[in-house]
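>>> Got a predicted model here, sequence first, then my questions.
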2 protein chains.
Amino acid sequence: MRIPEKRRIDIRNLIQQEKTVSVEKIAKLFNISPITVRRDLEKLQDRGLISKVHGGAIVRDSLAPEPVFKERINLYRDEKNRIAAEAAKRINDGDSIIIESGSTCQGLVKNLINKNKLKIATAGISVAGELLNLLNIKNDFEISVCGGILRAGSSIYVGPHAVSFFNSINVDKSFIGAVAISVAKGLSTATQFDAELSKAIINSGREVILLADSSKFETQSYINFMPLTQIDEIITDKALDIKIVEKIKKSGVKLTLV
Amino acid sequence: MRIPEKRRIDIRNLIQQEKTVSVEKIAKLFNISPITVRRDLEKLQDRGLISKVHGGAIVRDSLAPEPVFKERINLYRDEKNRIAAEAAKRINDGDSIIIESGSTCQGLVKNLINKNKLKIATAGISVAGELLNLLNIKNDFEISVCGGILRAGSSIYVGPHAVSFFNSINVDKSFIGAVAISVAKGLSTATQFDAELSKAIINSGREVILLADSSKFETQSYINFMPLTQIDEIITDKALDIKIVEKIKKSGVKLTLV
DNA sequence: TCAGGAATTCTCATTTAATTTCAATATAAA
DNA sequence: TTTATATTGAAATTAAATGAGAATTCCTGA
C-alpha cells in the first residue's frame, strides 16, 4: 500500500539531508515516474518546505535572502531549546557523555555551562566548534572529537575511523538526534554512513536519550538502523500527536514532553 | 545529472572563499563554457550575492554568512602565500598528503583547487574547515581528519587517538609547519602533545616538506622532537639570513626560497 | 588618446527538463 | 456497489539551459 503523503515527507527529509537531490534520483529511489516526483516537489514547495529548481530540488534556505534564513532557524527554535534544557538536567557533574550532531543536540552544549568535570565526545563538526568555545571557560572539561572522513555538505565525520572511535569508548549517557523516527520501524537515516555512526554512538552509551522535536515522528528515511526499544528516553515537545504518545508509551520507552 | 542551481551555490561559495575568481577558472573547475559562467554570475549578482566584474567576480561582503571556522590573523601574509603556492607545486594529481595545522599550511589548501583526486589528512581544526568548503567543489577529494582531544585555544586535535590515526596511515607527502626551527637542535614545540603529533605526521610521509616563513628560523621552543635531517625540503621566504641558508645547505636538506 | 587584444554581450540553434493536457487507475466516501 | 476524488503516467507543448559565432565593449600599454 502506497501512501503518497508519507512519500512526500520522506522526500522532504531526503532533501533536508542531502541538500540537493535530482528528480531522476528521487524517481529511482521511490520507484515513481519523474512527473510524479515533480508534482510532489511542487506540493512541498507550496508548503514552503523546499525549493524546486531546474533538475531537482534543494533545501529551502541554501540561497535564500537573509530574512528567510533567519526565520527558518527560528522554526522549532523554542521547542529545541526546551528539549535541550530538559536534556541537560540528565547530566551530572563528572559524567561522560556523547553528543551527536544536529541542531537540538547542539543546543544542549549551551546548557552545559553550569556543569563540572564533564567528559564529552562528539562526531559533529559544529558541535565540536561550540565545545571548543566552551572549553575556554570550562577548562575542567575533556572534549574528544571522533575524526574520520568529511562528506560535502555534511556536518559530521563518518567512516570506519569514526565508528571505531565510538566503539572504543563507553559513556554514561549518549544524547542522540534523529532524522526520522517511526514507532514501528525505529530510527532511520538517509545513508549507511550515518546509520553506522549512530549505531556506534547508541551502543557506547549506558543510557541513550533521544532529542527530537515533534515534527520528526512517524516519518521514515532510507535505512532503518535501530528499533526504538534501544532508546531509554525520548525528550520531545508537547505538540506530539496523542496517538503517537500512546504508541510510544506502550512500547515501554520513557517519554518526556516539554 | 546536473543541477544548475546547485552549481550556482557552489560558485558563490567558491567566490566567498577565494574573494576573487576569474570566469576562466570557474569554467574549468565546473566543466562549463565561459558564457554559462557569465550567466550564472549574472543570476547571482541579481540576487545580490556577488559582484560581477570584468574578468570574473568578487565577494559582496556586507551580508556574508560567517565561515564555520574563524580565519586567523595573518602576519607575513605575502610570504606565507608565496610559500604555500610553491608547496602546491610539489603535489600531483592522485597524491595522498598530510597537511599540518598552522597558517602557512592552511594557505596551502587554497592552492589545491586545480588538483584532482587528492587524499588529504589533517589534524588542524581550521584546515579541516577550509577543506570542508573545498569539498563542495572538488568532490573527488577524500578528506580525513584525525580526531582526538581538544585543548583550549588550540587549533589541533591531540592525544593518543590523534597520534594513532597518523601512525595508521602512509602518504606521499607530509606538509608541516613549525613553531621553532634550529639547524643544530631541529624542530621544537611548546608541549609534548604537539611534539608527539608532529612526530607522527613526519613519520607518515614518504617525503616531508617544511613550510615556514623566515622568522621561525634559529629559534627554539620547549621540546626538541626532531632533527632537521628528517626533513626532505624546506620552503621559506627570501628574507632568510644568508648564514642560516648556508648552514641548512651544509646539513644536506634541500632549501627553496620564494 | 588610440590601437590591439581580451572579455563580454547578443543572437541563434540544440539539447534537456518542466508543464500541460488527457486518459487510466486507485482510493475514499456515499 | 456506485460515485467522487486523488493519484499516476504518457504524449505533446513549452520553457530552461547551454554553447557557438558575430558584434560590441572594456582594458592595457604605447
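All right, it came through fine.
>>> show me where pLDDT drops low in chain A?
Flagging of chain A using pLDDT under 70 yields the residue ranges A:1-2, A:61-76.
>>> try it again with 50
For chain A, the stretches flagged by pLDDT under 50 are A:62-73.
>>> residue boundaries of the helices in it?
Under the criterion DSSP state H, chain A contains helices at A:4-18, A:23-30, A:34-46, A:66-74, A:77-88, A:103-110, A:125-137, A:160-167, A:192-204, A:242-251.
>>> buried residues in the longest one?
Within helix A:4-18, the residues that count as buried by 16 or more other CB atoms under 10 Å in any protein chain shown are A:7, A:8, A:9, A:10, A:11, A:12, A:13, A:14, A:15, A:16, A:17, A:18. The way it works is simple: take the backbone N, C-alpha and C, and place the C-beta from them, glycine included.
>>> now the second one
Of all the residues in helix A:23-30, those buried under the rule 16+ other CB under 10 Å are A:23, A:26, A:27, A:29, A:30.
>>> That one packs against which elements?
helix A:4-18, helix A:34-46, strand A:56-59 (3 or more CB pairs under 8 Å, 6 or more residues apart in numbering or on different chains; DSSP states H and E).
>>> follow-up on the earlier one: got JSON lines for the helices of chain A, with distance to residue B:37 too?
Shown next, in JSON lines, are these (distance: least, CB to CB, whole Å):
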{"stretch": "helix A:4-18", "distance to residue B:37": "25"}
{"stretch": "helix A:23-30", "distance to residue B:37": "24"}
{"stretch": "helix A:34-46", "distance to residue B:37": "27"}
{"stretch": "helix A:66-74", "distance to residue B:37": "25"}
{"stretch": "helix A:77-88", "distance to residue B:37": "38"}
{"stretch": "helix A:103-110", "distance to residue B:37": "35"}
{"stretch": "helix A:125-137", "distance to residue B:37": "30"}
{"stretch": "helix A:160-167", "distance to residue B:37": "37"}
{"stretch": "helix A:192-204", "distance to residue B:37": "33"}
{"stretch": "helix A:242-251", "distance to residue B:37": "49"}
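>>> What's the separation between residue A:44 and residue A:222?
Per CB to CB, to the nearest Å, residue A:44 is found 18 Å from residue A:222.
>>> sorry, back to before: how about the helices and strands packed on helix A:23-30 in a markdown table, adding distance to residue A:132?
Formatted as a markdown table, those follow (distance: least, CB to CB, whole Å):
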| stretch | distance to residue A:132 |
| --- | --- |
| helix A:4-18 | 25 |
| helix A:34-46 | 36 |
| strand A:56-59 | 26 |
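>>> Between these, which one is closest to DNA strand D.
Within the helices and strands packed on helix A:23-30, the stretch nearest DNA strand D is helix A:34-46; the backing value is 3.3 Å (CB to the nearest atom of the strand).
>>> And chain A, what are its domain boundaries?
As recorded under automatic domain parsing, the domains making up chain A are A:4-67, A:76-257.
>>> Quick check: which of those is buried the most?
Mean neighbour count (mean count of other CB atoms under 10 Å in any protein chain shown) peaks for domain A:76-257 among the domains of chain A, with a mean of 19.
>>> That domain and chain B in contact?
Yes. Domain A:76-257 is in contact with chain B by CB under 8 Å from any CB of the partner chain, via A:125-126, A:128-129, A:131-132, A:135-136, A:139, A:142-153, A:157, A:159, A:161-162, A:165.
>>> Look up how far residue A:162 lies from the closest residue to residue A:124 other than its chain neighbours.
Nearest residue to residue A:124, sequence neighbours excluded (CB to CB, 6 or more residues apart in numbering or on different chains): residue A:101, at 2.9 Å. Distance, residue A:101 to residue A:162, by CB to CB: 11 Å.
>>> cool, and residue A:77?
Relative to residue A:162, and taking CB to CB, residue A:77 is found at 29 Å.
>>> How about the stretch 51-200 of chain A: which residue is closest to DNA strand D?
residue A:54 (3.8 Å).
>>> swap that for the stretch 151-258 of chain A, please
For the stretch 151-258 of chain A, CB to the nearest atom of the strand, closest residue to DNA strand D: residue A:220, 15.6 Å.
>>> Quick check: that residue touching residue A:7?
No. If you go by CB atoms under 8 Å, residue A:220 and residue A:7 don't touch, sitting 9.6 Å apart.
>>> shared neighbours, the two?
Jointly contacting residue A:220 and residue A:7 under the rule CB atoms under 8 Å, 6 or more residues apart in numbering or on different chains is no residue at all.
>>> Contact residues of the stretch 1-150 of chain A facing DNA strand C?
A:1, A:2, A:23, A:24, A:34, A:35, A:38, A:42, A:52, A:54, A:55, A:56 (CB under 7 Å from any atom of the strand).
>>> isn't the third one right next to residue A:35, touching?
No. If you go by CB under 8 Å, residue A:23 and residue A:35 don't touch, sitting 9.2 Å apart.
>>> Any idea what residue A:208 is bridged to?
residue A:174 (DSSP bridges).
>>> Any idea which residue of the stretch 51-200 of chain A lies closest to chain B?
residue A:147 (2.0 Å; CB to the nearest CB).
>>> biggest separation within the residues of the stretch 1-150 of chain A next to DNA strand C, which pair?
Taking CB to CB as the measure, those span a maximum distance of 33.0 Å, between A:1 and A:54.
>>> export the domains of chain A to JSON lines and tack on distance to residue B:211?
Below are the domains of chain A laid out as JSON lines (distance: least, CB to CB, whole Å):
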{"stretch": "domain A:4-67", "distance to residue B:211": "34"}
{"stretch": "domain A:76-257", "distance to residue B:211": "22"}
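>>> Identify whichever of the ones you listed lies nearest to residue B:60.
Across these, closest to residue B:60 is domain A:4-67 (CB to CB), at 12.3 Å.
>>> So what's the gap between that closest one and the chain middle?
Relative to its chain's centre, domain A:4-67 lies at 19 Å (CA atoms, centre = their mean, to the nearest Å).
>>> and if you look at stretch A:247-258?
18 Å.
>>> just the CA coordinates of that stretch, formatted as PDB?
Output in PDB follows, covering the C-alpha atoms of stretch A:247-258 (Å, rounded to 0.1, in the frame of the first residue of the first chain):
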ATOM      1  CA  LYS A 247       2.100   4.200  20.900                       C
ATOM      2  CA  ILE A 248       5.500   5.200  22.400                       C
ATOM      3  CA  LYS A 249       4.300   4.600  26.000                       C
ATOM      4  CA  LYS A 250       3.000   1.200  25.000                       C
ATOM      5  CA  SER A 251       6.400   0.300  23.600                       C
ATOM      6  CA  GLY A 252       7.900   0.800  27.000                       C
ATOM      7  CA  VAL A 253      10.200   3.700  26.200                       C
ATOM      8  CA  LYS A 254      10.200   6.600  28.700                       C
ATOM      9  CA  LEU A 255       8.800   9.700  27.100                       C
ATOM     10  CA  THR A 256       9.200  13.300  28.400                       C
ATOM     11  CA  LEU A 257       7.200  16.200  26.900                       C
ATOM     12  CA  VAL A 258       8.400  19.700  27.400                       C
END
